[in-house]
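Enquirer: can't give you the sequence, but here's the structure:
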């Protein structure tokens, strides 16, 4: 069965500093990988996704993630964060061969930006 | 292009009652998925509907049921509510044939069970 582990429940960072949010997945087969962001009192918005091809994926708002198959990781990075990046971030995985587009989410990482 | 909408925004019920939550899909999408997000946790897949039929289900009991209508809107019904059903319920629409099945989420319905 697939699962996702987000290693940090909270990450405090100063504004304009770089940040990395860690994600590891568990799966014996190929996977699709996603990062979603959830702003307070809102639904989830897709930041980026990895389906195949280049292991470095660029998303919206300056975020990028790197798929590492040997380490089963998909860490999210941003070189310089802004106050507006304060939100909950969820790493997620789905099975490309499933007829249902079921997404399995991690428990989330709360990113708090300090001025 | 209208995004995914959900109603109501908030809802308070008591144990044992029944509740119906509604979702309107994004234009052009034929698949609706429902997720439960308990406080401080990631969303958990409840089920998915495609062409008005259930197309996959997570680890939720039968008292969680759903419907999809010809216009691709959807309902989530929960019977015999329990305190642990208190959560944010998210609806997501997608195109089943889309590689990676990108799902577009609504703002959610916050259900409180007292």
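Expert: Yes, it's here. In this text, all values refer to a predicted model and were calculated from it rather than measured experimentally.

Enquirer: tell me who's in contact with the closest residue to residue A:86 other than its chain neighbours.
Expert: In this structure, residue A:86 finds its nearest non-sequential neighbour in residue A:113, 4.9 Å apart by CB to CB, 6 or more residues apart in numbering or on different chains. To be clear about C-beta, it is placed using only N, CA and C from the backbone, and glycine gets the same treatment. By CB atoms under 8 Å, 6 or more residues apart in numbering or on different chains, the contact set of residue A:113 is A:12-15, A:81-83, A:85-86.

Enquirer: same question for residue A:108.
Expert: A:6, A:9, A:38, A:88-90, B:40-42.

Enquirer: now the residue sitting nearest the centre point of chain B: closest residue in space that isn't a chain neighbour?
Expert: Nearest to the mean C-alpha position of chain B, counting by CA atoms, centre = their mean, stands residue B:34 at 3.0 Å. Distances taken as CB to CB, 6+ apart place residue B:46 nearest to residue B:34, at 4.3 Å, with adjacent residues excluded.

Enquirer: tell me the strands beside the helix or strand hosting the one you found, with direction?
Expert: Assigning secondary structure by DSSP states H and E places residue B:46 in strand B:44-50. Each strand paired with strand B:44-50, and its direction, by DSSP bridges: strand B:31-37 (antiparallel), strand B:53-57 (antiparallel).

Enquirer: weakest of the ones you listed by average pLDDT?
Expert: The minimum mean pLDDT among the strands paired with strand B:44-50 belongs to strand B:53-57 (a mean of 91).

Enquirer: which other helices and strands does the helix or strand that that strand is followed by contact?
Expert: Going down the chain from strand B:53-57, the next helix or strand is strand B:64-68, by DSSP H and E. With contacts taken as 3 or more CB pairs under 8 Å, 6 or more residues apart in numbering or on different chains; DSSP states H and E, strand B:64-68 sits against strand B:44-50, strand B:74-78.

Enquirer: so which residues make contact with strand B:64-68?
Expert: So strand B:64-68 is contacted by B:32, B:34, B:46-47, B:49-54, B:74-79 (CB under 8 Å, 6+ apart).
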